[in-house]
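In: Just need the structure, nothing else, for what follows:
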Amino acid sequence: MINVSENISRILEEIPSGVKLIPISKTKPDEMILSAWGDGFKVFGENKVQDLSRKYEKLPKDIEWHMVGHMQTNKVKYLASFVHLIHGVDSFKLMKIMNKEALKAGRIMNGLLQIHIAEEETKFGFSEDEVRSILDSTEFWNLKNIRISGLMGMATNTSDVRQVKAEFGKLKRLQEDLNSSYFSSDNSFREVSMGMSGDYKIAIEEGSTMIRIGSLIFGSRN
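Out: A predicted model of the protein is given here:
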């Protein structure tokens, strides 16, 4: 029997205090989340809007929910009233829809710009030039109901540690550069969400502030 609380505790003990752990509960039964919640763990992530919406309705309302999967624009409305952070903001269209739905919900939605750092073309994300073009636009700064809190990225699925390290390092340097160039007047653009079950230790070495861990906590996906 998988002990989710023990697995979360073990990872929390080994990571620096400045790194936030997001346990990814995708495909897992509510009982596993409730068990960990009962032990005081109140942050979880999902990768599908339908699953996240259902779990939000059914589970305790003090859970901080993160959306870590690809976010379709037509589904933002289902999360707008409660989601804590959307990790994969990968288009300007998505930002505008988030702003529109957050305005309706009377709140500010938080998001991370997803940067394409991996070799695989199947992964989503902006290029560095695309991000700079958006941040240079007046239209972006007029979106008052979203807060872009940093960057997110996924490294190439490879056993080459040097490559993974280089990709994570590139993402961290970009976050620091964009922070000083565009967000120096406040402290909002500080997050770098990178690192999953197989590479989170490398990500932390390269400056990750958020790691997204699924199988090491909940076991292999169903």
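In: Check the offset of stretch 20-29 from the chain's centre.
Out: Here the centre of stretch 20-29 is set off from its chain's centre by 12 Å, with CA atoms, centre = their mean, to the nearest Å.
In: So for it, what gets flagged as buried?
Out: Residues of stretch 20-29 classed as buried by neighbour count (16 or more other CB atoms under 10 Å): 20-26, 28. Heads up, the C-betas are built off the backbone N, CA and C, glycines and all.
In: Please apply the same query to stretch 85-103.
Out: For stretch 85-103, by 16+ other CB under 10 Å, it's 85-92, 94-103.
In: got the buried residues for the longest helix anywhere in the chain?
Out: If you go by DSSP state H, the chain has its longest helix at helix 161-182. Neighbour-count burial for helix 161-182 flags 164-165, 167-172, 174-175, 178-179, 182 (criterion: 16+ other CB under 10 Å).
In: ok so, going back, which of the buried residues of stretch 85-103 fall within helices?
Out: 92, 94-103.
In: The residue nearest the centre of the chain and E14, how far apart?
Out: By CA atoms, centre = their mean, the chain has its centre lying nearest to H87, at 2.9 Å. H87 is 22 Å from E14, where distance means CB to CB, to the nearest Å.
In: would you list every one of the helices in the chain?
Out: Secondary structure of the chain (DSSP H): helices located at 4-14, 30-38, 49-58, 92-105, 128-135, 138-141, 161-182, 200-205, 215-218.
In: residue contacts, W141?
Out: Neighbouring residues of W141 by CB atoms under 8 Å, 6 or more residues apart in numbering: there are none.
In: May I have the predicted confidence score for it?
Out: What the model reports as pLDDT for W141 is 97.
In: do N222 as well
Out: The model's pLDDT for N222 equals 57.
In: Stretch 126-141: which residues count as buried?
Out: Those would be 126, 130-132, 134-135, 140, for stretch 126-141 by 16+ other CB under 10 Å.
In: Which members of the buried residues of stretch 20-29 are positioned in strands?
Out: 20-23 (DSSP state E).
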